[in-house]
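Q: Provided below for reference: sequence and predicted model.
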Amino acid sequence: MQIKLITASDELWEPTAVYAEQCSWKAGPFLAREMRANNFTDWERVFVAIEDNKPAGYCTLAKADCIPDVTYTPYIGFMFVGEEFRGI
């Protein structure tokens with residue numbers, strides 16, 4: 001398994017968005033929309049776990065999260081591991 005840091009120009013960007021959109025977690029489709037709208041700026045990134053050339057999970061590194069009125073940053077968010085890869 002490989003962990004890759006991706007941006008909107010990466011070939012894995014859309015496959016990761018599709019994976020997020022179709023995953024079992026309710027927040028996945030929201031991440032897919034954020035990715036397709038290119039709402040990641042500056043140093044913000046998406047990390048994707050790749051197994052057999054397919055996404056197996058993901059997380060983000062972002063300036064802000066859904067928690068209001070906090071002064072600290074960055075956030076590790078949208079962390080998801082596909083069910084078949086959990087516990088490994």
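A: Happy to help now that I have it.
Q: can you tell me the helix or strand for residue 60?
A: Under the criterion of DSSP states H and E, residue 60 resides in strand 54-62.
Q: so what strands line up beside that strand?
A: strand 45-51 (antiparallel), strand 75-81 (antiparallel) (DSSP bridges).
Q: buried stuff in that strand?
A: For strand 54-62, the neighbour count (16 or more other CB atoms under 10 Å) marks 55, 56, 57, 58, 59, 60, 61, 62 as buried. Yep, even glycine has a C-beta here, placed from its N, CA and C like the rest.
Q: farthest-separated two in the residues you listed?
A: Distance extremes for those: the farthest pair is 56 and 62 at 20.8 Å, using CB to CB.
Q: returning to that earlier point: save the strands paired with strand 54-62 as JSON lines, and put in mean neighbour count and distance to residue 68 too.
A: Listed next are the strands paired with strand 54-62 as JSON lines, based on neighbours: other CB atoms under 10 Å; distance: least, CB to CB, whole Å:
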{"stretch": "strand 45-51", "mean neighbour count": "19", "distance to residue 68": "23"}
{"stretch": "strand 75-81", "mean neighbour count": "16", "distance to residue 68": "13"}
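Q: can you lay out these as TSV showing mean pLDDT and distance to residue 6?
A: Listed next are these as TSV, based on pLDDT from 0 to 100; distance: least, CB to CB, whole Å:
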stretch	mean pLDDT	distance to residue 6
strand 45-51	96	5
strand 75-81	94	13
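Q: can you tell me which of the ones you listed is nearest to residue 36?
A: Across the strands paired with strand 54-62, closest to residue 36 is strand 45-51 (CB to CB), at 11.8 Å.
Q: perfect, I'm done here.
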